[in-house]
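Student: model the following, please.
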Amino acid sequence: MRTSPKIYGDKSETEATRFLEERGFVIIERNFFAKKLGEIDIIAKQDNVLHFIEVKSAKADFDPVYNFTPSKLKKVINSAQYYLKTKSLDLPFCIDALIIRKDKIEFLENVTMGM
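Tutor: Purely as a prediction, here's the structure:
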């Protein structure tokens, strides 16, 4: 029986949440949807910094990091700014990517540094 992409994505996000919590992150929210902007998979906090985290995983034999495109990054940035504004928050923040490759997890912090 095949696993639907939604179920696989939810499983990956749950795995990502567990990974982050084990490293001292406090999960604030999952699947925050910003109208017309996009969705943020995980919003977490560590050391008074908000982390807006995009989770990418794939069952296929290609690297899921390639699904984290410049267009997707822009949507996450815009959604993060919308989140901060709607919640009236003035905290330092960063945009991160969490890549799940089969049984290995790679956490890429502050992926906007080169922008």
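Student: burial count for Lys45?
Tutor: The criterion is other C-beta atoms under 10 Å. On that basis, Lys45 has 15 neighbouring residues. Quick note: C-beta positions are derived from backbone N, CA and C, even for glycine.
Student: please name the nearest non-neighbouring residue to it.
Tutor: Spatially, and ignoring its direct neighbours in sequence, Lys45 is nearest to Val26 (4.9 Å; C-beta to C-beta, 6 or more residues apart in numbering).
Student: ok, the one you found - contacts?
Tutor: For Val26, the residues meeting the contact criterion (C-beta atoms under 8 Å, 6 or more residues apart in numbering) are Ala44, Lys45, Gln46.
Student: OK, contacts around the closest residue in space to the last one that isn't next to it in sequence?
Tutor: Closest residue to Gln46 in three dimensions, ignoring its sequence neighbours and counting by C-beta to C-beta, 6+ apart: Phe25, at 4.7 Å. For Phe25, the contact set (C-beta under 8 Å, 6+ apart) comprises Ala44, Lys45, Gln46, His51.
Student: and Phe25, what are its phi and psi?
Tutor: For Phe25, the backbone dihedrals (degrees, to the nearest 10) come out as phi -80, psi 150.
Student: swap in the one 4 residues further on?
Tutor: The phi and psi values for Glu29, taken as degrees, to the nearest 10, are phi -160, psi 150.
Student: tell me, what's the model's pLDDT at it?
Tutor: For Glu29, the pLDDT comes out at 96.
Student: what does the one 5 residues further on give?
Tutor: pLDDT recorded at Ala34 is 89.
Student: before we move on, back to that, who wins on neighbours among the contacts of Phe25?
Tutor: Comparing those on neighbour count, His51 comes out first with 25 neighbours (neighbours: other C-beta under 10 Å).
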